[in-house]
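>>> with the input below, show me the fold.
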Amino acid sequence: GIIALETIAPRVVYAELIVDLSPCPLGMQFDGSKCHCNATDMFGSLIHCVESNFSTSIRKGGWIGHYRGRQAAAECPYCSHINVSDLSSLNHDAFCVTIKRKGVLCGECIEGYGPAVFTFPLECRNCSNDPEYLSWPLYFVTDIFLVALFFLLLVLLNVSITSGPA
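Below is the predicted model:
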């Protein structure tokens, strides 16, 4: 926008200032004269804002981003704590970068990484050179194959699993 300043007689001075107004930070809302904290109305307790220096921070475990064309906020088991000062620069993958994840709620592993089965909460590990690489086959053998083998033996050997005569 442009602000025009002008004095009155006897000496007339005229100046134009070009002003670039930025939006209020995430979690704050413009009330006609200044930005004020509106985080609880917009995002519940996920955002903490400080009106004195117009800063906002997103609580650890919170995720804010765009989902199906709208701005959304939710609890996120994988997300990191970050500070934001401008909604336009907020990329929802910014929450996930330190943990090798991407996407809505950091729900996907980045390229070349996959979820390691025996980690909590399913850490993304490099698939090619990680000892956890064999987690899925090991999970299949221990949890699915052995249980199926047990039931197959029960059927083939006609073993009664009830506590009475058959």
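>>> make it CA atoms for all contacts and neighbour counts henceforth
Will do.
>>> kindly list the longest helix within the chain.
helix 146-156 (DSSP state H).
>>> so which bits of that helix are buried?
Buried residues in helix 146-156, counted by 16 or more other Cα atoms under 10 Å: none are found.
>>> so for that helix, mean pLDDT?
Averaged over helix 146-156, pLDDT sits at 89.
>>> and for stretch 5-25?
Rounded mean pLDDT across stretch 5-25 is 75.
>>> offset the numbering so it begins at 714, please.
Yep, numbering from 714; the last one is stretch 718-738 now.
>>> then it to CSV, C-alphas only?
The C-alpha trace of stretch 718-738 is given here as CSV (Å, rounded to 0.1, in the frame of the first residue of the first chain):
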residue,chain,number,x,y,z
LEU,A,718,1.8,12.5,4.0
GLU,A,719,1.3,16.2,3.4
THR,A,720,1.7,19.3,5.6
ILE,A,721,-0.4,22.4,5.4
ALA,A,722,0.6,26.1,4.7
PRO,A,723,2.9,28.0,5.0
ARG,A,724,5.4,25.4,3.9
VAL,A,725,3.9,22.5,1.9
VAL,A,726,5.7,19.2,2.0
TYR,A,727,4.4,16.1,0.3
ALA,A,728,5.8,12.6,0.6
GLU,A,729,4.7,9.1,-0.3
LEU,A,730,5.8,6.1,1.5
ILE,A,731,5.4,2.6,0.0
VAL,A,732,4.5,0.2,2.8
ASP,A,733,4.5,-3.5,2.6
LEU,A,734,2.1,-4.9,5.2
SER,A,735,2.5,-8.5,6.3
PRO,A,736,-0.2,-10.7,7.7
CYS,A,737,-0.4,-11.5,11.3
PRO,A,738,1.6,-14.5,12.4
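>>> distance from the chain centre to it, please.
Stretch 718-738 has its C-alpha centroid displaced from the chain centroid by 42 Å (Cα atoms, centre = their mean, to the nearest Å).
>>> can you list the weak-confidence ranges in the protein?
714, 734-735, 738-739, 752-755, 784, 793-805, 842-849, 876-879 (pLDDT under 70).
>>> show me the helices in this structure, by range?
752-756, 848-852, 859-869.
>>> bridged to Ile760, which residues?
Under DSSP bridges, the beta-bridge partners of Ile760 are Ile771.
>>> re the thing from before, can you dump the C-alpha atoms of the longest helix of the chain in PDB for me?
Extracted as PDB, the C-alpha positions of helix 859-869 are listed here (Å, rounded to 0.1, in the frame of the first residue of the first chain):
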ATOM      1  CA  LEU A 859       4.500 -69.500  13.300                       C
ATOM      2  CA  VAL A 860       0.800 -68.900  14.300                       C
ATOM      3  CA  ALA A 861      -0.400 -70.300  11.000                       C
ATOM      4  CA  LEU A 862       1.900 -73.300  11.500                       C
ATOM      5  CA  PHE A 863       0.500 -73.900  15.000                       C
ATOM      6  CA  PHE A 864      -3.100 -74.000  13.800                       C
ATOM      7  CA  LEU A 865      -2.100 -76.200  10.800                       C
ATOM      8  CA  LEU A 866      -0.600 -78.700  13.200                       C
ATOM      9  CA  LEU A 867      -3.700 -78.700  15.400                       C
ATOM     10  CA  VAL A 868      -5.900 -79.500  12.400                       C
ATOM     11  CA  LEU A 869      -3.600 -82.100  10.800                       C
END
